[in-house]
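Undergrad: One predicted model, sequence on top.
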Amino acid sequence: MLLIPNISNLESSIKQLNPNRIYVENIRAILETTTKMAKLVCRTAVNKGYFKEMYSLECPNDSCNTVVASYDSLKSIPKFIECENCKLDGRLKYIYGADEMKVVKYYKYMRNDN
Ligand SMILES: [Zn+2]
């Protein structure tokens, strides 16, 4: 039997996290469950309007690894992205192709009605 935890019960735990940046791993840890179940919970939360799916792009430069930008859909990611950090560091290369970047999916918590 697959028991999906009640998402509203997660609210107090979620408030201890950064509500703007919730990873599947955070949810997995809170629920003490599997990654598969945590993903399912996140997807359910998106469908119910609790979470919004987000994608962040990380700089491919190993000595940088900064989160360069975040987007609310894969479609809105531009082809080339400038890394401010690499630019400030005076690196020759600071504009990267989106396909070079590491895309990390995370969620944003959408409800704050106390
Ligand atoms: Zn960089």
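TA: Happy to help now that I have it. Residues are numbered from 1 along each chain as shown.
Undergrad: how near is Asp62 to the ion?
TA: 10 Å (CB to the ion, to the nearest Å). All C-beta atoms are positioned from the backbone trio N, CA, C, and that covers glycine.
Undergrad: Secondary structure of that residue: a strand, I assume?
TA: No: remark: Asp62 does not belong to a strand; assigned using DSSP: H, G, I helix; E, B strand; the rest coil, it is coil.
Undergrad: Against Asn85, how distant is it?
TA: When CB to CB, to the nearest Å is applied, the distance between Asp62 and Asn85 equals 13 Å.
Undergrad: List the contacts of the closest residue to Ala45 other than its chain neighbours.
TA: The spatially closest residue to Ala45, leaving aside those adjacent along the chain, is Phe51, at 4.0 Å (CB to CB, 6 or more residues apart in numbering). Listed by CB atoms under 8 Å, 6 or more residues apart in numbering, the contact set of Phe51 reads Ile22, Cys42, Ala45, Tyr107, Lys108, Tyr109, Met110.
Undergrad: Would you list the phi and psi of Phe51?
TA: With angles defined as degrees, to the nearest 10, Phe51 sits at phi -120, psi 150.
Undergrad: now swap in Gly49 and tell me
TA: Dihedral angles (degrees, to the nearest 10) for Gly49: phi 90, psi 10.
Undergrad: re earlier: now go through the contacts of Phe51 and say which are in strands.
TA: The subset of these located in strands under the criterion DSSP state E comprises Tyr107, Lys108, Tyr109.
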